[in-house]
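Engineer: the following comprises the amino acid sequence and a computationally predicted model.
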Amino acid sequence: MHELFDFVIKWYETHLNYGTITLLMAIESSFIPFPSEIVIPPAAYLAHSGQMKLSLIVLFSTIGCLIGALVNYVLSYTLGRKIIYALANTKWARLFLISQEKIENAEKFFIKNGNVSTLIGRLVPAVRQLISIPAGLAKMSMKNFLLYTAIGSGLWNIILALLSYFLIDKWEVYYKEISWGFVVLAIGFIGFLIFKALKKSKERKAIA
């Protein structure tokens with residue numbers, strides 16, 4: 001297990017670049033739950049050591065967010081409310097921590113705040129991944145959707161990148177330990193998804 005962790009950490013340190021930042025943030029911004037805190041802080045460390053540029057980290061992470069959000073938007077826009085809500089009740093949706101209740105909450109947030117909710121929602125942890133879905137269901141203008149999403153995502157990424165960059169001195173000495181923490185967090189998060197899906201499946205079988 002120790003060798004596996006070392007391998008993952010080494011891969012993370014050597015493969016984290018603008019391309020992988022874009023890809024990982026696209027995943028984070030889509031319907032797949034993946035925390036941005038696993039991507040931007042390590043990238044900020046590389047910027048602090050001169051291996052990357054903080055401005056480009058923000059740029060490419062925002063591009064990734066736009067790509068992921070666009071996936072949710074297009075799917076919702078194309079499939080419509082009936083199919084989206086039906087999909088939200090499937091076991092695959094539960095695997096990704098998506099439920100009808102969460103979609104309903106995101107839609108209520110969108111209705112309450114209007115189109116600007118795609119900007120505000122990107123700054124709200126419980127809403128940010130799903131706010132693109134009600135935007136698509138409401139047939140929001142793609143031009144406005146991309147504009148508000150870019151601003152909201154950009155603000156989130158700037159805040160996270162700057163905090164990580166300027167607090168580097170506090171944890172630079174412990175970077176390897178923190179890298180381990182990121183790996184453990186990611187693996188634990190995936191394990192939690194699998195555990196929750198299996199638990200839900202057992203509960204449904206027990207009821208049946």
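Structural biologist: That came in fine, so what should we check first?
Engineer: okay, CA-based contacts and neighbour counts for the rest of this
Structural biologist: Fine.
Engineer: where does this protein have low pLDDT?
Structural biologist: Low-confidence segments of the chain (pLDDT under 70): 1-13, 33, 89, 92-99, 125-127, 168-201, 203-208.
Engineer: which elements pack onto the longest helix along the chain?
Structural biologist: Ranked by residue count under DSSP state H, the longest helix found in the chain is helix 54-88. Contacts defined by 3 or more CA pairs under 8 Å, 6 or more residues apart in numbering; DSSP states H and E place helix 54-88 against helix 18-29, helix 40-48, helix 100-113, helix 132-137, helix 142-166.
Engineer: give me the angle between it and helix 18-29.
Structural biologist: Counting by axes from the mean of the first three to the mean of the last three CA atoms, to 10 degrees, helix 54-88 points 30 degrees away from the direction of helix 18-29.
Engineer: which of the residues in helix 54-88 are buried?
Structural biologist: Judged by neighbour count (16 or more other CA atoms under 10 Å), helix 54-88 contains these buried residues: 54, 57-77, 80-81, 84-85, 87-88.
Engineer: so which of the helices and strands packed on helix 54-88 gets nearest Ile120?
Structural biologist: Of all these, it is helix 142-166 that lies closest to Ile120, at 6.3 Å by CA to CA.
Engineer: what residues sit buried inside that closest one?
Structural biologist: Buried positions in helix 142-166, judged by neighbour count with 16+ other CA under 10 Å: 145-158, 160-162, 164-165.
Engineer: ok, Ala44 touching Ile159?
Structural biologist: No - counting by CA atoms under 8 Å, Ala44 stays clear of Ile159, with 11.4 Å between them.
Engineer: ok, and for stretch 103-123, which residues are buried?
Structural biologist: Residues 103, 105-107, 109-110, 115-123 are the ones in stretch 103-123 that count as buried (16+ other CA under 10 Å).
Engineer: mind checking the end-to-end distance for it?
Structural biologist: One end of stretch 103-123 to the other measures 17 Å (CA to CA, to the nearest Å).
Engineer: ok, residues contacting that stretch?
Structural biologist: Stretch 103-123 has contacts (CA atoms under 8 Å, 6 or more residues apart in numbering) with 85, 88, 127-135, 140, 144-145, 148-153, 155-156.
Engineer: one more time with 10 Å
Structural biologist: Stretch 103-123 is contacted by residues 29, 65, 69, 84-85, 88, 99-102, 126-135, 137-138, 140-141, 144-157 when judged by CA atoms under 10 Å, 6 or more residues apart in numbering.
Engineer: okay, and the common contacts of Ala44 and Ile159?
Structural biologist: Among the neighbours of Ala44, those also in contact with Ile159 (CA under 10 Å, 6+ apart) are 58, 165.
Engineer: roughly how far apart are Arg122 and Ile27?
Structural biologist: Separation of Arg122 from Ile27 (CA to CA): 14 Å.
Engineer: so how far is Ala26 from Gly19?
Structural biologist: 11 Å.
Engineer: host element of Gln51?
Structural biologist: Following DSSP states H and E, one finds Gln51 outside all helices and strands.
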